[in-house]
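J.: Any chance you can model this:
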Amino acid sequence: MTELGQPAKLSSELMRRVSPDFTARCLPEMAQLEQLIHTHAKQLTVRTLAFVEHQALQLTESQSETQLYKLPIYSLRLGSDDPAAPTLAFVGGVHGVERIGTRLLLTFLSSLLQRLQWDRGLSHELQHLRLVFCPLLNPAGMALGQRSNANGVDLMRNSPQNATDKATWMVGGHRLSNRLPWYRGVKDSPMETEAQALCDWVRDELFDSPLSIVLDCHSGFGLRDRIWFPMAGSRAPLHHRAEIAALIHLFETTNPHHNYIIEPQHHSYLTHGDLWDYLYHQSLSLEGKVFLPLTLEMGSWSWVKKNPRQLISFMGLFNPLVPHREKRTMRRHLLLLEFLIRSSCAYEAWLPGTPMSRLRYELEAKQRWYG
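T.: Sure thing, here's the model as predicted:
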């Protein structure tokens, strides 16, 4: 992982790897992210987690040629440097075709950075909280307009963790061919660069905190927005089910009119190789630490239902193509993102701290999800 320095140095370094013309045409999200980095360099700590290669066909007046680009995977951090501070992470762009997740996080990050110029309440919260962003994990897949990375591997099926219950056929991950969706990669081979970078980043940034929460933003499933938590590969109750139940109870009592379906991922389907299952199992060896990975699955079928013409576009199956629907999506999830900031900052007020409160929330979780 590379620490980035002054914005001028960052700009010249990027120019040698990725041309502005390429990002403007194929990766406008990358261009927006880099603009945020340059504009707010004093407020952000920026790291390059890895570079991934992408081959793009360049057309000229006389011929066509293949250009090799090195695309960076960025991490951005703001807030407290205290290792004992809680950490909240936002992840997007794991699946390249799901651009709306990256756009949501970039819009939210831009809003936070603007507010820090005048919002004393937010500045005070960030003295006691660390925010980290990895808004574009799969830049090559996004440039290609496909779910997988450039090697045809589905990053969210790429961990060595196998489902302990029967995974959903095909959707749950397979090793047949990278020409098919949901391909896990070659058995016993190292994880893909992007997946390994994410796992290293999570362990480095989150595992030392007393409480760490992740929100991974996706789209493409169902008519309703969902918030999933582990497990994806097992129907067994989550070890931290009391903590999850307490967090969801807090969210629902303070936002009673929300429209999310909140459930373990296995209620929808089971998968092999889920990165959050893999990291969650690793976190269980950390004494006294609580790691809660959440997935926001935006219900893209509702966009297709309102605009059936999106069926003729592969991108339209995963993203709102009408501008006002994209803006509405940004507004709809702002409440959840703001809630996660405030609840993470005040985690000691709601995290189960006594045997009685733990028992109460474990019973609530059992009745709601594991009964």
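J.: tell me the secondary structure for Leu113?
T.: Here Leu113 is helix, with the state taken from DSSP: H, G, I helix; E, B strand; the rest coil.
J.: Can you tell me, leaving aside adjacent residues, what's nearest to it?
T.: Setting aside the residues directly before and after it, Leu113 is nearest to His40 in space (Cβ to Cβ, 6 or more residues apart in numbering), at 4.7 Å. To be clear about C-beta, it is placed using only N, CA and C from the backbone, and glycine gets the same treatment.
J.: same deal with Thr107?
T.: Leaving out its chain neighbours, Thr107 is closest to Met330 (Cβ to Cβ, 6+ apart), at 5.2 Å.
J.: Need the pLDDT of that neighbour.
T.: Confidence at Met330, expressed as pLDDT, is 91.
J.: show me the contacts for it.
T.: Contacts of Met330 were listed using Cβ atoms under 8 Å, 6 or more residues apart in numbering, and they are 103-104, 107-108.
J.: Also Ala85?
T.: For Ala85, the set of contacting residues under the criterion of Cβ under 8 Å, 6+ apart consists of 79, 128-130, 209.
J.: Which of those residues sits closest to Glu338?
T.: Comparing the contacts of Ala85 against Glu338 with Cβ to Cβ picks out Leu129 as the nearest, at 12.5 Å.
J.: can you count the residues close to that closest one?
T.: Number of residues near Leu129 (other Cβ atoms under 10 Å) recorded here: 23.
J.: in stretch 336-348, what's buried?
T.: Along stretch 336-348, these residues count as buried under the neighbour rule (16 or more other Cβ atoms under 10 Å): 336-337, 339-341, 343-345, 347.
J.: Now the top helix by length along the chain - C-alpha only, CSV.
T.: Longest helix in the chain by number of residues, with DSSP state H as the criterion: helix 323-345. What follows is helix 323-345, C-alpha atoms only, in CSV (Å, rounded to 0.1, in the frame of the first residue of the first chain):
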residue,chain,number,x,y,z
PRO,A,323,-31.4,11.4,-13.9
HIS,A,324,-34.2,12.2,-11.4
ARG,A,325,-34.3,8.6,-10.2
GLU,A,326,-30.6,8.6,-9.6
LYS,A,327,-31.0,11.8,-7.5
ARG,A,328,-33.9,10.2,-5.6
THR,A,329,-31.7,7.2,-4.9
MET,A,330,-29.0,9.5,-3.4
ARG,A,331,-31.5,11.2,-1.2
ARG,A,332,-33.2,7.9,-0.1
HIS,A,333,-30.0,6.4,1.4
LEU,A,334,-28.6,9.5,3.0
LEU,A,335,-30.6,8.8,6.2
LEU,A,336,-28.9,5.4,6.6
LEU,A,337,-25.4,6.8,6.0
GLU,A,338,-25.9,9.6,8.5
PHE,A,339,-27.3,7.1,11.0
LEU,A,340,-24.2,4.9,10.8
ILE,A,341,-22.0,7.9,11.5
ARG,A,342,-23.9,8.9,14.6
SER,A,343,-24.4,5.4,15.9
SER,A,344,-20.8,4.4,15.4
CYS,A,345,-19.6,7.5,17.2
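J.: What are the contacting residues of the helix or strand that that helix is followed by?
T.: Secondary structure here is assigned by DSSP states H and E; on that basis, the next helix or strand after helix 323-345 toward the C-terminus is helix 355-365. Helix 355-365 is touched from outside by 237-238, 241-246, 249, 352, with contacts defined as Cβ under 8 Å, 6+ apart.
J.: Need the mean per-residue confidence for helix 355-365.
T.: In this model, helix 355-365 has a mean pLDDT of 97.
J.: swap in stretch 75-91?
T.: In this model, stretch 75-91 has a mean pLDDT of 96.
J.: mind listing what's buried in it?
T.: Of the residues in stretch 75-91, those with enough neighbours to count as buried (16+ other Cβ under 10 Å) are 75-80, 85-91.
J.: cool, stretch 116-127 as well?
T.: 122, 125-126.
J.: How about stretch 307-324?
T.: Residues of stretch 307-324 classed as buried: 310, 316-320 (neighbour count, 16+ other Cβ under 10 Å).
J.: Can you pull out the low-pLDDT segments for the protein?
T.: Residues of the chain meeting the criterion pLDDT under 70: 1-19, 57-64.
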